[in-house]
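Novice: Here is a sequence together with a model predicted from it:
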Amino acid sequence: MVFDPAIELVVNTVRASNALLRASRRVFKPFGLSEAQFNVLHILQDAGDHLSQRELSDILIVDRSNVTGLIDRMEKAEWVQRQPVPGDRRAYRVTLTSEGRKLWRQANAAYQQAAARVTVNLTPAQMQALSAALPVMERSAHALDLELAASD
């Protein structure tokens, strides 16, 4: 078998991604959160609560209908609330509630501890190189996905 560095990189990235996803589910489970819900809390915390559902869907790279269901469940749990956008009857801004902020702080602390454990055997230079390379690979994979979807 011929060694192909591209195949090895993709396979190792998928393996790491799957392992990280399984571990993150276990990290968030005690808080009653899915990884998607944590991502929304994290994004809203970083954005200062000024995002519309459309902006959230763009950041999460998911369909707007998926974000609507996600926000519906989070609003029911009283972690977020919707506020109408002045001048646009169809748009809503999503904001964290005080309960959502508290939950984010707790879950984020656990997530930071998990991230430290996962990266403990990497040097700062390795982490920096991966942090630079993975978004490039992600953009290429997204472009390939769009290309393949167009040929369906």
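Specialist: Perfect, I can see it now.

Novice: need the next SSE after the helix or strand where residue 19 lies, C-terminal direction.
Specialist: Remark: residue 19 resides in helix 5-28, with elements defined by DSSP states H and E. For helix 5-28, the following helix or strand on the C-terminal side (DSSP H and E) is helix 35-47.

Novice: Direction included, what does the next helix or strand after that following helix pair against?
Specialist: Scanning forward in sequence from helix 35-47 by DSSP H and E, the next helix or strand is strand 51-52. Strand 51-52 pairs in its sheet with strand 88-96 (antiparallel), by DSSP bridges.

Novice: how much does the partner strand deviate in direction from helix 35-47?
Specialist: Calculated by axes from the mean of the first three to the mean of the last three CA atoms, to 10 degrees, strand 88-96 forms an angle of 90 degrees with helix 35-47.

Novice: Give me the buried positions along strand 88-96.
Specialist: By neighbour count on 16 or more other CB atoms under 10 Å, the buried set for strand 88-96 is 92, 93, 94, 95, 96. Heads up, the C-betas are built off the backbone N, CA and C, glycines and all.

Novice: Format these as a markdown table; extra columns: pLDDT and distance to residue 119.
Specialist: A markdown table is the format used below for the buried residues of strand 88-96 (pLDDT from 0 to 100; distance: CB to CB, whole Å):
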| residue | pLDDT | distance to residue 119 |
| --- | --- | --- |
| 92 | 85 | 37 |
| 93 | 90 | 34 |
| 94 | 93 | 30 |
| 95 | 93 | 32 |
| 96 | 95 | 27 |
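
Novice: ok, those residues vs residue 137, which is closest?
Specialist: Of all those, residue 94 has the smallest distance to residue 137: 29.5 Å, by CB to CB.

Novice: How about the closest one: what's its closest non-neighbour residue?
Specialist: Computed as CB to CB, 6 or more residues apart in numbering, the closest residue to residue 94 that is not its neighbour in sequence is residue 80, at 5.3 Å.

Novice: next one: phi and psi at that neighbour?
Specialist: Phi and psi for residue 80, reported as degrees, to the nearest 10, are phi -140, psi 160.

Novice: and the gap between it and residue 73?
Specialist: According to CB to CB, to the nearest Å, residue 80 and residue 73 sit 10 Å apart.

Novice: Between the two, tell me which one has more neighbours.
Specialist: Between residue 80 and residue 73, residue 80 has the larger neighbour count (other CB atoms under 10 Å), namely 24 against 14.

Novice: Help me confirm that the more buried one comes into contact with residue 96.
Specialist: Yes: the criterion here is CB atoms under 8 Å, and residue 80 meets it with residue 96 at 5.9 Å.
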